[in-house]
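Participant: Coordinates only, no sequence provided:
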């Protein structure tokens, strides 16, 4: 299953360090985001973890 996610949904899981729970709970193999969601996540304090910067 593929999931399309918004910023609030993803950031909540990233903040607690449990993004893997999305994959497990929803049986997802991929998570798709829009450019706007990517841009918002890139501004977040945890973006270094996401993007390795």
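Facilitator: Now that the structure is in, tell me what you want to look at. Just so it is clear, the structure is predicted and the values come from calculations on it, not from any experiment. Numbering: from 1, shown residues only.

Participant: Please name the nearest non-neighbouring residue to residue 46.
Facilitator: Spatially, and ignoring its direct neighbours in sequence, residue 46 is nearest to residue 14 (5.2 Å; Cβ to Cβ, 6 or more residues apart in numbering). C-beta: built from backbone N, CA, C; applies to glycine.

Participant: And the pLDDT at that neighbour?
Facilitator: Model confidence at residue 14, expressed as pLDDT, equals 83.

Participant: Shouldn't it be within a helix?
Facilitator: Yes: the assignment for residue 14 by DSSP: H, G, I helix; E, B strand; the rest coil puts it in a helix.

Participant: residues contacting residue 36?
Facilitator: For residue 36, the contacting residues are residue 7, by Cβ atoms under 8 Å, 6 or more residues apart in numbering.

Participant: so which strand or helix has it?
Facilitator: Using DSSP states H and E, residue 36 maps to helix 35-43.

Participant: Hmm, the residue nearest to residue 46 is touching residue 44, no?
Facilitator: Yes: Residue 14 is in contact with residue 44 according to Cβ atoms under 8 Å; the separation is 7.4 Å.

Participant: out of these two, which sits in the busier spot?
Facilitator: residue 14 (18 against 15; other Cβ atoms under 10 Å).

Participant: so how far is residue 4 from that one?
Facilitator: Spatial separation of residue 14 from residue 4 under the definition Cβ to Cβ, to the nearest Å is 17 Å.

Participant: again, but for residue 17
Facilitator: In this structure, residue 17 lies at 22 Å from residue 4, with Cβ to Cβ as the measure.
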